[in-house]
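Chemist: got a predicted structure here, sequence first:
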Amino acid sequence: MLQRLYDILFEFREYVLVTCLVILSIILMAMNDNPQVRRIRSAATVVFGIVQDRFGIIPRYIGLRAENDLLRRTNIELADEVQRLREAKLENLRIRQLIGLKNDIPYPLIAAHVINKNLNLLRNTITLDVGTADSVQLQMPVVGDGGLVGMVTAVTEHYAVVNILLNTDFRASARDQRSRVDGIVACDGKTLAFKNVPKTRDVAVGDVVTTSEYSSTFPPEIRIGLVSTSSEQSNVLFKTIVLQPGVDFVKLEEVFVVHYVASKERTELELKSSAPRPVK
């Protein structure tokens, strides 16, 4: 090892000698207190400072760029975290409203998330992430924090399709909560209407319309919406009543499927009594 080091020093002996002499000269100049040497040291210090200031921008630029990248990544992460917290807060508010709804309905409820919507058709529907594996059956009502959403019309093991209030096939027996006037809620593809209400009946703007006990599909007293307009035409026997749904279907994300099945005995009896009797 020493022999190898000696060989290297011998091979570069000129460079080693010059380096030693330069170091010795610097030491002697530093120790020399001669006025000329002090001026040289001062000039060298000024020159070194200028050079260092000019070339020092390079590492500063590199450092600032790295710091800027770090701040950008941190900002993105914080923005993402804020968005997740905001979404969690909104979901918490929706769940609280649904829990309040759950306490108002005396039937078992199955929680579900809306995973698809068709809101630009005459037959508007939503798709839920629950099915027969969760005890969901055909014709079960679906409710949200604003009231009635619709009815299950198709179901598989893990998914269900719901005809919402704004579906042209939807029908529900309903009642004005204030005046107890009965009618039928249906959609014509444009508006949700409270139909079959005679002109003589008392229905006013702002009244709450709910499901009635006359329905064999929906439990009574589930909020459907508010009366937004009520008008009459001279050549028509019934009022023209437009409802504002209690549920905002555009923002709808969480719902409950109501484990409510119509009484088979009642349905069979009503069908039997309404069937035409044979002529004797």
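Modeler: The structure has been received and is ready for your questions.
Chemist: tell me if I'm right that T153 and V136 touch.
Modeler: No: using CB atoms under 8 Å as the test, T153 is too far from V136 to be in contact (11.5 Å). Yep, even glycine has a C-beta here, placed from its N, CA and C like the rest.
Chemist: higher neighbour count, those two?
Modeler: V136 (23 against 17; other CB atoms under 10 Å).
Chemist: distance of the more buried one from V255?
Modeler: To V255, V136 is 11 Å away according to CB to CB, to the nearest Å.
Chemist: need the overlap of contacts for those two.
Modeler: The contact sets of V136 and V255 overlap at L128 (CB atoms under 8 Å, 6 or more residues apart in numbering).
Chemist: how about the contacts made by L252?
Modeler: By CB under 8 Å, 6+ apart, the contact list for L252 reads V114, K117, I126, G144, V149.
Chemist: how about 6 Å then?
Modeler: Residues near L252 by CB atoms under 6 Å, 6 or more residues apart in numbering: V114, G144.
Chemist: pretty sure it belongs to a helix, no?
Modeler: No: counting by DSSP: H, G, I helix; E, B strand; the rest coil, one finds L252 to be coil, located in no helix.
Chemist: got the domain ranges for this structure?
Modeler: Domain assignment of the chain by automatic domain parsing yields the ranges 2-55, 109-262.
Chemist: just those: most buried one?
Modeler: Mean neighbour count (mean count of other CB atoms under 10 Å) peaks for domain 109-262 among the domains of the chain, with a mean of 18.
Chemist: what mean pLDDT does it get?
Modeler: When pLDDT is averaged along domain 109-262, the result is 92.
Chemist: what about it, start to end distance?
Modeler: One end of domain 109-262 sits 15 Å from the other (CA to CA, to the nearest Å).
Chemist: now stretch 210-220
Modeler: One end of stretch 210-220 sits 7 Å from the other (CA to CA).
Chemist: contacts for that stretch, please.
Modeler: Stretch 210-220 has contacts (CB under 6 Å, 6+ apart) with 139, 141, 172-175, 177, 182, 221-224, 260, 262, 267.
Chemist: quick one, helices of this protein?
Modeler: Remark: helices assigned in the chain by DSSP state H are 2-11, 13-31, 35-55, 57-104, 264-274.
Chemist: now the fourth one: mean pLDDT?
Modeler: On average, the pLDDT along helix 57-104 is 67.
Chemist: cool, stretch 272-279 as well?
Modeler: For stretch 272-279, mean pLDDT rounds to 62.
Chemist: still on that earlier bit, out of the contacts of stretch 210-220, which sit inside strands?
Modeler: Those of the contacts of stretch 210-220 mapping onto strands are P141, A172, S173, A174, R175, D182, R223, I224, per DSSP state E.
Chemist: let me know the closest of these to V205.
Modeler: Minimum distance to V205 across these is 15.4 Å, recorded for I224 (CB to CB).
Chemist: hang on, isn't the closest one packed against V209?
Modeler: Yes: with contact defined as CB atoms under 6 Å, I224 reaches V209; the gap is 4.9 Å.
Chemist: identify the contacts common to those two.
Modeler: Common neighbours of I224 and V209 (CB under 6 Å, 6+ apart) are A174.
Chemist: where do the contact lists of T153 and V136 overlap?
Modeler: By CB under 6 Å, 6+ apart, no residue touches both T153 and V136.
Chemist: that older thread, need the domains of the chain in a markdown table with distance to D80, can you?
Modeler: A markdown table is the format used below for the domains of the chain (distance: least, CB to CB, whole Å):
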| stretch | distance to D80 |
| --- | --- |
| domain 2-55 | 39 |
| domain 109-262 | 20 |
